[in-house]
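S.K.: Got a predicted model here, sequence first, then my questions.
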Amino acid sequence: MTATEPRGSVRERVRQALEDAARSLGVPGSEMPDLELQRAKSRQHGDYASGAGLKLARVLKRPPPEIARELAARIDLPEAAAEAVGGYVNFRFRDAWLRDLVAAVAATGPAYGASRIGQGEKVQVEFASVNPTGPLHIGHGRGVILGDAVARVLAFTGHDVKREYYVNDQNTQARFFGASVYARLHGEEPPEKGYHGAYVTEIAERAHRDLPGIEELAFEEAEPRLRRFAIDRMVEQLAASVGRLGVVYDEWYRESVLWAQGLPQRAIERLRKSGHLLEKEGAVWFSYGDTDEPGGEAGEGLRPAASRGDVPPRHTDEDEDRVVIRSTGEPTYFASDLGYLLSKFEVRGFQRVIDVWGADHHGYVARMKAACDALGIGRDRLVVILNQIVNLKEGKMSKRAGRFVPIDEVVDQAGADAVRYFYLLRSPEAMLEFDLDLMLAQTNENPVYYAQYAHARLANLEQFASENAGSLPAEADLDRLQQPWELDLAREVALWPEHVEDAARLLEPHRIPYAIHDLADRVHGFYQAGNRDWRHRVVVEGEPELTRARLELARAARHTMKSALSLVGVSAPDKM
């Protein structure tokens, strides 16, 4: 490792050394078990631990403690010392390596933690994609931030990432939206299943100004034009709302484009030829593997579908999920989704697609994966992340409490940083409650404040030193870093690439705030040591070498914190 090139995750180097040692004991590659290298549960046991002796006892037919001792004796790493405890092999970071890492990170900057593990894989992340018929609320916002954070982590680890919003511009809800604008344009109430918000009236008023003569047209002619106009306005509003959260989509892809390009028609024909479309009572159903077939056991009552030729791009969302074409000859939303799969994987050539959906779509996941198989794409190339609902805790917005608070209102109250951070504090499958009072609190109980304050403290240390420390050595003598809290902070810096790789590999960006909190803990401990004893301050009068060493550690920690905050789209302020 050089001072300008810190090398990725130390965990992977330790894991490789452990496996190499196991092979040197005669363990064949085909019989190598998972040695389960994990973070040690207690710092007394070091930084990593593996029950390798226990895992290899069956293969080597020897006592686990004996195996662990031999493994530890064969491992010689610059990063960590290995020691055997019973049937376990524990690893403890070497102080000298931690000091070298501090110098490397301080020189690298906020790019520390980035990697090329993605090897340029072309990935699309499609997220949010709610019907463009109204403003985003806090339930939608979770998918927006989750998807954007996934994209940020993947881009940071060497993937070629594109963010996409799928605009349903011709489904049933879109047509109800167009009909609602038409009604308001004529001073009437929207239809029963239409949209009644004030924004609909505002769009109608704009249509009156921007589409001269539109109110004179019959409904059949006016509604499609009003629908396009209204959806364009809503896309503008959606883009503005997500933009306030630091989210920029590479593509707002419209459903109507699929039909214009003939992609659903192509997908339907392919499935028909491969025998994956079956007919019942005049409707055409998708039939494949683990999808639930209509009509009883194993698709009872179904027969292969006859060719219908091209079908018009009109469908409703009330149909059964497996219906592709209704008995009327109209396609369903599933037909559009089949075409969308071809657009993603074949036309645009994404190697992997990650869809972020609300938890209410859980029943659709197996069907879409089955469709990938049936179309010859392969189910594993489609990854679906489901996120649970969001509620707003009673507080400053209690009159509007609940899921349907517009996201813009929460951003107005708490700011984009707090909103983004709080969305990522729980795993997607856990329900989330926004506590607005906590989001607004400038105390250590507020996790985003706690993290940003840590960065600001580090920046303040460097500023204070530039104004008060006088002349300092050009090079830092990091052997001066001896205190436990100094080396603990360096340890947390060392673990950052591991957190990034886990978040990218598992598609779990909520791991990043956990890592940020642990790093902030160490930063605050490093800072507060000087409050307890002036000799432990970063800038120590009469100690230029020690001051320079501690400033190098502060700079490495600040770069790491800035890197971490940027991955969740949160600013790293120099002052609070």
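M.R.: Perfect, thanks for sending it. Quick caveat, the model's predicted, so the values are computed rather than measured. Numbers count the residues shown, from 1 in each chain.
S.K.: what's near enough to touch the spatially most central residue of the chain?
M.R.: Nearest to the mean C-alpha position of the chain, counting by CA atoms, centre = their mean, stands residue 150 at 2.4 Å. When the contact criterion is CB atoms under 8 Å, 6 or more residues apart in numbering, the partners of residue 150 are 125, 127, 354, 356, 385, 507, 509. The way it works is simple: take the backbone N, C-alpha and C, and place the C-beta from them, glycine included.
S.K.: List only buried entries from those.
M.R.: Listed as buried from the contacts of residue 150 are 125, 127, 354, 356, 385, 507, 509; burial here means 16 or more other CB atoms under 10 Å.
S.K.: Let's see the pLDDT reported for the last one.
M.R.: Note for residue 509: predicted pLDDT of 98.
S.K.: On the three-state scheme, residue 572 is what?
M.R.: For residue 572, the reduced secondary structure class is coil; criterion used: DSSP: H, G, I helix; E, B strand; the rest coil.
S.K.: Could you double-check that it sits in contact with residue 454?
M.R.: No. With contact taken as CB atoms under 8 Å, residue 572 and residue 454 are classed as non-touching, separated by 9.5 Å.
S.K.: Looking at the two, which is more packed in?
M.R.: When residue 572 and residue 454 are compared on other CB atoms under 10 Å, the one with more neighbours turns out to be residue 454, at 27 against 21.
S.K.: avg pLDDT for the strand or helix carrying that one?
M.R.: If you go by DSSP states H and E, residue 454 is part of helix 447-468. In this model, helix 447-468 has an average pLDDT of 96.
S.K.: For it, buried residues please.
M.R.: Of all the residues in helix 447-468, those buried under the rule 16+ other CB under 10 Å are 447-462, 465.
S.K.: The residue nearest to the centre of the chain and residue 255: what is the separation?
M.R.: Between residue 150 and residue 255 the computed distance is 23 Å (CB to CB, to the nearest Å).
S.K.: Residue 40 too?
M.R.: Applying CB to CB to residue 40 and residue 255 gives a distance of 51 Å.
S.K.: go on, residue 173?
M.R.: Residue 173 sits 11 Å away from residue 255 when distances are taken as CB to CB.
S.K.: between the two, what contacts are shared?
M.R.: Counting by CB under 8 Å, 6+ apart, residue 173 and residue 255 have no contacts in common.
S.K.: Hmm, residue 515 and residue 499 touching each other?
M.R.: Yes. Using CB under 8 Å, residue 499 and residue 515 qualify as a contacting pair, with a distance of 3.9 Å.
S.K.: shared neighbours, those two?
M.R.: With contacts defined as CB under 8 Å, 6+ apart, the residues adjacent to both residue 499 and residue 515 are residue 564.
S.K.: how many neighbours does the closest residue in space to residue 459 that isn't next to it in sequence have?
M.R.: Using CB to CB, 6 or more residues apart in numbering and skipping the chain neighbours, the partner closest in space to residue 459 is residue 574 (3.9 Å). Number of residues near residue 574 (other CB under 10 Å) recorded here: 15.
S.K.: And residue 265, by the same measure?
M.R.: Number of residues near residue 265 (other CB under 10 Å) recorded here: 20.
S.K.: any idea how far it is from residue 335?
M.R.: Residue 265 sits 9 Å away from residue 335, going by CB to CB.
S.K.: next one: residue 74
M.R.: Separation of residue 74 from residue 335 (CB to CB) stands at 60 Å.
S.K.: neighbour count winner among those two?
M.R.: The residue with more neighbours, out of residue 74 and residue 335, is residue 335; 27 against 16, by other CB under 10 Å.
S.K.: Quickly find the element holding residue 195.
M.R.: For residue 195, there is no host helix or strand (DSSP H and E).
S.K.: Mind pulling the model confidence for it?
M.R.: According to the prediction, residue 195 has pLDDT 93.
S.K.: count of residues packed around residue 479?
M.R.: By the criterion of other CB under 10 Å, residue 479 has 11 neighbours.
S.K.: correct me, but it touches residue 100?
M.R.: No. Under the criterion of CB under 8 Å, residue 479 makes no contact with residue 100, lying 10.6 Å away.
S.K.: May I see the buried residues of stretch 466-478?
M.R.: By neighbour count on 16+ other CB under 10 Å, the buried set for stretch 466-478 is 469, 472, 476, 478.
S.K.: Would you verify that residue 324 is located in a strand?
M.R.: Yes. Counting by three-state DSSP, residue 324 is located in a strand.
S.K.: who touches it in this structure?
M.R.: 268, 271, 277, 284-286, 331-332, 334-335, 338 are the contacts of residue 324 under CB under 8 Å, 6+ apart.
S.K.: okay, among these, which ones form the most distant pair?
M.R.: Maximum pairwise distance among these (CB to CB): 13.5 Å, between 271 and 332.
S.K.: Which of the two has more residues huddled nearby?
M.R.: Neighbours per residue, other CB under 10 Å: of residue 271 and residue 332, the larger number sits with residue 332, 26 against 22.
S.K.: isn't the more buried one right up against residue 326?
M.R.: Yes. With the criterion set as CB under 8 Å, residue 332 and residue 326 qualify as a contacting pair; they are 6.6 Å apart.
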